[in-house]
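> fold the following.
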Amino acid sequence: MEGETFFWLVRHAPVDGAKGTIHAADAPADLGDRAQLEALRQRLPQDAASYGSPLRRTIETAHALGLEPQLMVEFGEQDFGDWTGRRHDELAATGGDAYAQFWSDPARGLPPGGESFEDQVARVRLGLSRIGPGSATLVVHSGTIRAALCIALDLTPAAALRFVIDPLSLTRIDRLASGWRVVSVNQRIS
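Down below sits the predicted model:
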């Protein structure tokens, strides 16, 4: 692919739901922090192409930022399969060996009926490859941003899981002719 691509990766607003839950695709965003949304909106490039995960919380966040993203399944959050909609404390108490085994190797662990973080990295790699030169704003999930950092920094998936990516934070990476450049990670805009 010719040309340079400048990625503006935004994690969606907090989920409006019970904390400690593996949220489903239809979990809504809590858009109550209007000042943070406005500060972030003003920081994003105005002429950028816009992409997003097809999950409700990312779509609502994108719209609150004034964006109409092209939705790409490649940028969805990791699929936790049968654990989706359940609380982590409940799974820890009743999930048996499968839940404990997953957390012993979360990069390669496979939730029942779901996908590993390694699988998510492969999806995100494909999605990023489909975005052409220029500026691109992506409203996505923490796992999606960790996967993009894994690709940009040529990290193992396990190492990429060490990044903290807060709601409504901005991460900037660039795909250059000579390779990747990381501009900032988990930046809070105020």
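> drop to CA atoms for contacts and neighbour counts, all remaining ones
Will do.
> which residues in this structure form strands?
Secondary structure of the chain (DSSP state E): strands at 5-11, 49-52, 70-71, 134-140, 169-176, 179-188.
> TSV for these, including distance to residue 105, mean pLDDT and mean neighbour count?
Converted to TSV, these look like this (distance: least, C-alpha to C-alpha, whole Å; pLDDT from 0 to 100; neighbours: other C-alpha atoms under 10 Å):
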stretch	distance to residue 105	mean pLDDT	mean neighbour count
strand 5-11	24	98	25
strand 49-52	28	98	22
strand 70-71	30	98	16
strand 134-140	24	98	25
strand 169-176	25	98	20
strand 179-188	24	97	15
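> and the helix or strand bottoming out on mean pLDDT in the chain, what does it pack onto?
Ranked by mean pLDDT, DSSP states H and E, the helix or strand of the chain with the weakest confidence is helix 96-104, at a mean of 90. Where contact means 3 or more C-alpha pairs under 8 Å, 6 or more residues apart in numbering; DSSP states H and E, helix 96-104 is packed against helix 88-94.
> which residues does the helix it packs on contact?
If you take C-alpha atoms under 8 Å, 6 or more residues apart in numbering as the criterion, helix 88-94 is touched by 20-22, 83, 99-100.
> select, out of the strands of the chain, the one closest to residue 161.
Comparing the strands of the chain by their distance to residue 161 (C-alpha to C-alpha), the top pick is strand 179-188, with 13.2 Å.
> tell me what the closest one is packed against?
Using 3+ C-alpha pairs under 8 Å, 6+ apart, strand 179-188 sits against helix 142-153, strand 169-176.
> what does it contact?
149, 152-153, 164-166, 168-175.
> just stretch 100-111 next, same as before
With C-alpha under 8 Å, 6+ apart as the criterion, stretch 100-111 contacts 80-83, 92, 98-99, 115-118, 157-158, 161.
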